[in-house]
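[1] Build me a structure from this.
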Amino acid sequence: MIHFPQGIDAALFLRDYWQQKPLLIRQALPGFRSPISADELAGLALEEEIESRIVIRDGNSGPWELHQGPFTEDTFSTLPKSPWTLLVQAVDLWVPEVRDLIDRFDFLPRWRMDDIMISYANDGGGVGPHFDYYDVFLIQAEGTREWSIGTTCDEDSPRVEGTSLKILKDFEALQTWVLEPGDILYLPPKIAHCGTAVGECLTYSLGFRAPSAGEMLDDLATEVLSRGPGLFYRDPPLTPAMAREAIDPAFVAQTRKLLLAALDDEEMLAQWFASYMTSPKYPDLDLDDEDLVRTATVPGKNGERARYFADGMEIVDDD
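    Next up is the predicted model:
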């Protein structure tokens with residue numbers, strides 16, 4: 001487990017900080033040494049199946065220039081002297097020593113974790129002020145990085161125009177820290193933050209799954225359909241006055257009742273949720289390592305427990 005500050009343990013963190021407010025954890029991983037170097041990270045970015053990006057702060061096409069991988073060796077040899085950063089997603093899928101870092105966060109459900117992204121930045125590099133919709137632990141692995149945090153944001157917060165990056169237009173730092181190797185900064189969703197490399201540095205980002213309600217409903221609808229016809233729409237009690245073009249609120253209320261009834265199946269909902277939350281981040285990848293399979297256990301029939309994983313299920317014997 002990570003080393004929390006004096007006076008804080010895992011239970012207190014979950015009660016008072018998780019999804020509520022930031023927490024700087026100095027030397028959360030004392031003596032931590034990155035199991036992957038900047039050169040090795042760049043090597044991963046050459047692979048077609050690995051998601052990677054480069055952000056150049058002052059590029060040829062303007063500020064905050066975004067390039068999508070995979071890259072070539074020439075890409076790195078021709079980068080400008082201006083600040084830039086390389087970001088590689090899901091490094092935990094490819095480097096077991098990086099994946100082992102997840103064990104240090106065993107006070108949180110493993111199936112909630114999305115991936116570990118690693119970023120390399122030269123002096124002044126970063127991706128600009130922004131916010132995320134998910135929880136994240138920012139782990140300083142090599143070098144130092146200055147982190148500033150601001151206010152809570154949402155989809156209506158003004159963004160910088162002329163770039164595909166969702167950079168906040170009006171960012172005002174409320175707190176600023178310089179993180180050194182082994183330090184961790186926890187940020188809940190929607191907190192504005194900006195990281196800037198002080199010299200060359202490597203930073204790990206352990207992010208957590210946070211699907212939108214729309215995304216979940218879309219997948220759940222597929223699950224409901226797969227279980228057969230089920231319930232059908234029926235009209236509410238009608239009156240002649242309802243025979244008009246305007247839809248009476250009673251029809252909407254009846255529809256709401258129908259949809260809620262379709263979801264009123266705890267076993268189905270639990271099974272779907274477990275399967276949905278353990279689905280692989282990259283379903284097209286052929287990953288044979290059992291350690292990469294997400295699992296989640298939910299109550300099943302007759303007191304059994306069912307463990308769900310990528311496109312499958314097995315019954316768990318508690319004995």
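
[2] Helix, strand or coil: sort out residue 13 for me.
    At residue 13 the chain is in helix, as set by DSSP: H, G, I helix; E, B strand; the rest coil.

[3] Apart from its chain neighbours, what residue comes closest to residue 235?
    residue 254 (6.8 Å; CB to CB, 6 or more residues apart in numbering). For every residue, glycine as well, the C-beta is placed using N, CA and C.

[4] Show the backbone phi and psi for the one you found.
    Backbone torsions for residue 254, taken as degrees, to the nearest 10, come to phi -70, psi -40.

[5] can I assume it is in contact with residue 234?
    Yes - Residue 254 is in contact with residue 234 according to CB atoms under 8 Å; the separation is 7.2 Å.

[6] Between those two, which is the more surrounded one?
    A count of neighbours by other CB atoms under 10 Å puts residue 254 above the other of residue 254 and residue 234, at 16 against 8.

[7] what's downstream of the helix or strand residue 41 falls within, the next helix or strand?
    Element membership for residue 41, per DSSP states H and E: helix 38-44. Downstream of helix 38-44, the first helix or strand assigned by DSSP H and E is strand 52-59.

[8] And that next one, what's buried?
    52, 53, 54, 55, 56, 57, 59 (16 or more other CB atoms under 10 Å).

[9] Ok, stretch 26-42 next?
    Buried residues in stretch 26-42, counted by 16+ other CB under 10 Å: 28, 29, 32, 34, 36, 38, 41, 42.

[10] ok, those vs residue 159, which is closest?
    The nearest member of these to residue 159, counting by CB to CB, is residue 41 at 28.0 Å.

[11] Report the separation between residue 146 and residue 105.
    Distance, residue 146 to residue 105, by CB to CB, to the nearest Å: 24 Å.

[12] Can you list the residue ranges for helices in the stretch 1-150 of the chain?
    10-16, 38-44, 73-77, 96-99 (DSSP state H, counting those that start in this stretch).

[13] Minimum distance to residue 221: which of those helices has it?
    helix 10-16 (32.1 Å).

[14] can I assume residue 177 sits in a strand?
    Yes - assessed with three-state DSSP, residue 177 lies in a strand.

[15] Dump stretch 242-256 to CSV, restricted to CA.
    The C-alpha trace of stretch 242-256 is given here as CSV (Å, rounded to 0.1, in the frame of the first residue of the first chain):
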residue,chain,number,x,y,z
MET,A,242,-55.8,12.7,-25.2
ALA,A,243,-56.6,12.3,-28.9
ARG,A,244,-54.6,15.3,-29.9
GLU,A,245,-51.2,16.1,-31.4
ALA,A,246,-49.7,17.2,-28.2
ILE,A,247,-48.3,14.3,-26.1
ASP,A,248,-50.1,14.2,-22.7
PRO,A,249,-47.7,13.9,-19.7
ALA,A,250,-49.4,10.6,-18.8
PHE,A,251,-47.8,9.0,-21.8
VAL,A,252,-44.3,10.1,-20.6
ALA,A,253,-45.1,8.9,-17.1
GLN,A,254,-46.2,5.5,-18.5
THR,A,255,-42.9,5.3,-20.5
ARG,A,256,-40.8,6.1,-17.5
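
[16] Averaged pLDDT, it. What do you get?
    Stretch 242-256 carries an average pLDDT of 92.

[17] ditto for stretch 127-137
    On average, stretch 127-137 scores 97.

[18] pull the CA atoms of it into PDB?
    This file holds the C-alpha atoms of stretch 127-137, laid out as PDB (Å, rounded to 0.1, in the frame of the first residue of the first chain):
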ATOM      1  CA  VAL A 127      -0.400  19.300 -21.900                       C
ATOM      2  CA  GLY A 128      -1.700  22.600 -20.500                       C
ATOM      3  CA  PRO A 129      -4.400  23.300 -17.900                       C
ATOM      4  CA  HIS A 130      -7.300  20.900 -18.200                       C
ATOM      5  CA  PHE A 131      -9.700  18.700 -16.100                       C
ATOM      6  CA  ASP A 132     -10.700  15.100 -16.200                       C
ATOM      7  CA  TYR A 133     -14.000  13.400 -15.500                       C
ATOM      8  CA  TYR A 134     -12.300  10.600 -13.600                       C
ATOM      9  CA  ASP A 135     -10.200  10.200 -10.400                       C
ATOM     10  CA  VAL A 136      -6.400  10.100 -11.000                       C
ATOM     11  CA  PHE A 137      -3.300   9.500  -9.000                       C
END
